[in-house]
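Undergrad: I would like the atomic coordinates for the input below:
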Amino acid sequence: MEQFDCLIIGAGAAGIGMGCVLKDLGVKRFGILERSEVGASFLMWPKEMRMITPSFTGNAYGMLDLNAVALKTSPAYTLETEHPSGEDYADYLQAVADFRELPIRTGIDVTAVSPVEDGFVLETTQGQLFSRYVIWAAGEFQYPRLDGFEGAEHCYHSSLISEWSGLEGEEFVII
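TA: Residues are numbered from 1 along each chain as shown. Alright, predicted model coming up:
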């Protein structure tokens, strides 16, 4: 069974960001497991959707871009936009992953995580893996809670919409 010090489940913003942190800390035996592709949740965003929090190229002044997942990176600088689309942001995540040479395995689904002595055994679609630590970085976008508050039945979660223009009506409240 292949052995790791740390495995990260998910290659979105949290997974890529944590991968950069582990690399900065000098962790050698770590990996990132992704069911689909880097930034998959962002690639599922409706095409009109943009990040609400603006990206600013403040890195020239030593400030961190609000949407950056790694030090010394900036989606605004990389993408030349303040409000990236999901596809844009996925491109930024892939660029960071490539530049940092993160050990990402795509097309691997984690089906179970079981605690064992000194770590965890992960059941995957490509066999078992052992890791001392596991970081769950699978985003909530893929697993929306559709009944989280009274009246939720009158709402659409953005993960269920492929294009805003496909919705009926003229007025919408976005929470």
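Undergrad: Mind jotting down where the helices sit in this structure?
TA: Here the chain has its helices, by DSSP state H, at 13-24, 40-43, 75-79, 86-99.
Undergrad: If you count neighbours, what's buried in the first one?
TA: Looking back up the chat, that one is helix 13-24. 13-20, 22-23 (16 or more other C-beta atoms under 10 Å). C-betas here are computed from N, CA, C, even on glycine.
Undergrad: who touches the lowest-mean-pLDDT helix or strand in the chain?
TA: Here the helix or strand of the chain ranked lowest by mean pLDDT, DSSP states H and E is helix 75-79, holding a mean of 88. Residues outside helix 75-79 that contact it (C-beta atoms under 8 Å, 6 or more residues apart in numbering): 54-57, 59, 65, 67-68, 81-82, 84, 88-89, 91-92, 95.
Undergrad: tell me the mean pLDDT for the lengthiest strand in the chain?
TA: Counting residues, the longest strand found in the chain (DSSP state E) is strand 127-136. For strand 127-136, mean pLDDT rounds to 98.
Undergrad: Would you mind pulling up the elements that that strand packs against?
TA: Strand 127-136 sits against strand 2-9, strand 119-124, with contacts defined as 3 or more C-beta pairs under 8 Å, 6 or more residues apart in numbering; DSSP states H and E.
Undergrad: for those strands, which one ends up most surrounded?
TA: Ranked by mean neighbour count, the helices and strands packed on strand 127-136 are led by strand 2-9 with a mean of 20 (mean count of other C-beta atoms under 10 Å).
Undergrad: Parallel or antiparallel, which strands does that strand pair with?
TA: Sheet pairing of strand 2-9 (DSSP bridges) gives strand 30-34 (parallel), strand 127-136 (parallel).
Undergrad: For this protein, which residues score under the pLDDT cut-off?
TA: Within the chain, the ranges that satisfy pLDDT under 70 run 57-63, 173-175.
Undergrad: got the buried residues for stretch 109-122?
TA: Those would be 110, 113, 119-120, 122, for stretch 109-122 by 16+ other C-beta under 10 Å.
Undergrad: Sorry, slip of the keys, the one I care about is stretch 40-55.
TA: By neighbour count on 16+ other C-beta under 10 Å, the buried set for stretch 40-55 is 40-46, 49-51, 55.
Undergrad: Then stretch 164-175?
TA: Going through stretch 164-175 with 16+ other C-beta under 10 Å, nothing comes out buried.
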